[in-house]
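what follows is a predicted protein model with its sequence.
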Amino acid sequence: MRYAACLWNRSHLDAYADGELAGRRARRVAGHLQGCTGCRAHVDEVLALTARVGVGRVEVAEPDWRPFWPGIAARIHAGRAPAVRDPWWLPFWRPIWGHPRVATLATASLLLVAGAGMWTGYDPDGPGGQVIVQDVGTSRPDSSVMVYASRQEPTVIWLFDKDPD
C-alpha cells in the first residue's frame, strides 16, 4: 500500500531534502524514496530549487559587537538599570493578581457585563427591524398601493402612476 506510506512520509520530504532529518526518520524516508517515484520527483524538485536559490545567496558578515559590550558592562557595574515604566493598568490589576479566585470572579464579571451590553443592543433583523413589503391591489387603475410593515408600526405608502401627456 504505497499511498499510505506516501501520506505518512509526505510531511518529512522537504526536511529530508534540506538534510534536517537524522536517525530512524531519515532512514524511513530514504527507504520510501527508493520505491516511490512520485515522492522522489518531489525531493528532486526541492533539491533543484534549493540549488537555484543557493546561487544568489549572499553571505552577511557577522556584526562587530565589541563596541556594544563595554557600555553594557559599565551599566551593570554601576548598578543602574534602564528606567522601565509600568503600564497604566498594572496598579489596578496588582491587588487581584495574587488571588486566583478574585481574578477569576473579576474576569467572569467583566465578560458578563460586556456580553450583556452587546446582547441587549443586538437586533437580528437589522437596525429598523424586519420589513415586510406587500403589494395590494386597488380599484383605481392609475394607482397602486404598497404596504411596508415592520414590528414597530405599519406604514402605508400610495404610489401614483404618471399620467401620459
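Arrived safely, thanks for sending.

which residues touch the longest helix that the chain contains?
In the chain, with assignment by DSSP state H, the single longest helix is helix 100-120. Contacts with helix 100-120, where a contact means C-beta atoms under 8 Å, 6 or more residues apart in numbering, come from Ile96, Trp97. For glycine as for every other residue, the C-beta is placed from the backbone atoms N, C-alpha and C.

count of residues packed around His32?
Residues within reach of His32, counting by other C-beta atoms under 10 Å, total 20.

i'd like the first residue to be 42 from this point on
Got it, the first residue is 42 from now on, which makes the last one we talked about His73.

you'd agree it is up against Cys80?
Yes: using C-beta atoms under 8 Å, His73 is in contact with Cys80, at 6.3 Å.

now do the shared contacts for the two.
Counting by C-beta under 8 Å, 6+ apart, the residues touching both His73 and Cys80 are Cys47, Asn50.

Ile137: what's it in contact with?
The contact partners of Ile137, by C-beta under 8 Å, 6+ apart, come to Val143, Ala144, Ala147.

can I assume it sits in a strand?
No: read with DSSP: H, G, I helix; E, B strand; the rest coil, Ile137 is helix and lies in no strand.

hey, which helix or strand in the chain has the poorest pLDDT?
strand 196-201 (a mean of 61; mean pLDDT, DSSP states H and E).

what is the rounded mean pLDDT of stretch 117-136?
The average pLDDT for stretch 117-136 rounds to 78.
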